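Chemist: compute the structure for the input listed below.
(one chain, ligands or ions: 1)
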Amino acid sequence: MAGISHAIRACATASRRSLSAASAAALPKEAAAAEVRAAAAATGRKWREREDGRRVQWVFLGCPGVGKGTYASRLSQLLDVPHIATGDLVREALASPGPFSKQLAEIVNHGKLVSDEIIINLLSRRLEEGEEKGELGFILDGFPRTIRQAEILEGVTDIDLVINLKLQEEALLAKCLGRRMCSQCGGNFNVASIDIEGENGGPRMYMPPLLPPPQCESKLITRADDTEEVVKERLRVYHDLSEPVEEFYKARGKLLEFNLPGGIPESWPKLLQALNIEDPDNERSAAA
Ligand SMILES: Nc1ncnc2c1ncn2[C@@H]1O[C@H](COP(=O)(O)OP(=O)(O)O)[C@@H](O)[C@H]1O
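Modeler: Coordinates of the predicted model:
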């Protein structure tokens, strides 16, 4: 295929001149995608094989700390597509020596978004590598985060589904502050134990900690941007710049809202149910 990575780069360049021209070029594709979506809806399925032979092209939206990475990564394993988190791409760039990483750290460690140009460059490069390896489809996490990014993406490819994960703000802050990563194996954990009243008389929300195994305990690190001040700024930036992206996809009939009912054991089967995906664990136990 022509390559989304090249198209995204070209479209980003074009968008500096005229975004409307780029989206006008994408209209026939949008119409085709709408037809396929209608067919999928008629069969009650929220996911399907794409007509272009690629696997799912999904996007995860949601506030910092909501768990996009956790659920996107689990789904990517289940559906055999890469989980591409732009936050991870930014952290990789931050870890490489040089003036660029210093410039990035200034932005990220203050809870701000890096420029659309930088993020599109990092993402195009990652997609290019994937295309070379024969990757089909993706689950994006952390992109698009601005309306301009959403317009660029919509102009170059058909996104099948956008999953918007939601959680009470109180839980979001606690989850970001409790986030830990093992510096050796890269495993993600969370030491926060969340037990809060439901909103508007809703059920109590309990999210147990996700503790590391003993071999990781002494190697845990915290992200530099997971301090209370920076998380609050990231939440503010999300509400200002990224929440409108939810509306963007809602207007196109692609948004699936999912309120997380609790921790992973409670939420994962419900998410699969909402997506009409068979729970492999249930299948295994049924087959046993
Ligand atoms: N699509 C994007 N546009 C701009 N900046 C981004 C994007 N994705 C990631 N970043 C930068 O990387 C940081 C970390 O991203 P991420 O791991 O997705 O954080 P979060 O936990 O806030 O969702 C962001 O605060 C931002 O500075």
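Chemist: from Glu129, how far off is Leu153?
Modeler: Using C-beta to C-beta, to the nearest Å, one gets 18 Å for the distance from Leu153 to Glu129. All C-beta atoms are positioned from the backbone trio N, CA, C, and that covers glycine.
Chemist: so those two - more neighbours on which side?
Modeler: Leu153 (25 against 12; other C-beta atoms under 10 Å).
Chemist: what about the spatially closest residue to the more buried one that is not a sequence neighbour, neighbour count?
Modeler: Closest residue in space to Leu153, ignoring its immediate chain neighbours: Pro144 at 5.3 Å, by C-beta to C-beta, 6 or more residues apart in numbering. The number of residues packed near Pro144 is 26, by other C-beta under 10 Å.
Chemist: what of Lys102?
Modeler: The tally of other residues near Lys102 (other C-beta under 10 Å) stands at 10.
Chemist: contacting residues around the one residue in the chain that gets nearest to the ligand?
Modeler: With C-beta to the nearest ligand atom as the measure, Gly87 is the residue of the chain nearest to the ligand, at 2.0 Å. By C-beta atoms under 8 Å, 6 or more residues apart in numbering, Gly87 lies in contact with 69, 141-142.
Chemist: name the member of those with the most neighbours.
Modeler: Top of the contacts of Gly87 by neighbour count (other C-beta under 10 Å): Asp141, with 25 neighbours.
Chemist: that one contacts Phe60, doesn't it?
Modeler: Yes: the pair Asp141 / Phe60 is scored as a contact, 4.6 Å apart, by C-beta atoms under 8 Å.
Chemist: what's the local residue count around the nearest residue to Gly263 once chain neighbours are set aside?
Modeler: Nearest residue to Gly263 in three dimensions, chain neighbours excluded: Met207, at 4.2 Å (C-beta to C-beta, 6+ apart). Neighbour count for Met207, taken as other C-beta under 10 Å: 25.
Chemist: one more: Gly3?
Modeler: Neighbour count for Gly3, taken as other C-beta under 10 Å: 15.
Chemist: residue contacts, it?
Modeler: So Gly3 contacts 127-128, 131 (C-beta under 8 Å, 6+ apart).
Chemist: how does it look with 6 Å?
Modeler: Neighbouring residues of Gly3 by C-beta atoms under 6 Å, 6 or more residues apart in numbering: Glu131.
Chemist: next, give phi and psi for the nearest residue to Leu75 once chain neighbours are set aside.
Modeler: Counting by C-beta to C-beta, 6+ apart, Ile139 is the residue found nearest to Leu75 once chain neighbours are left out, at 5.8 Å. Main-chain torsions, Ile139, degrees, to the nearest 10: phi -120, psi 110.
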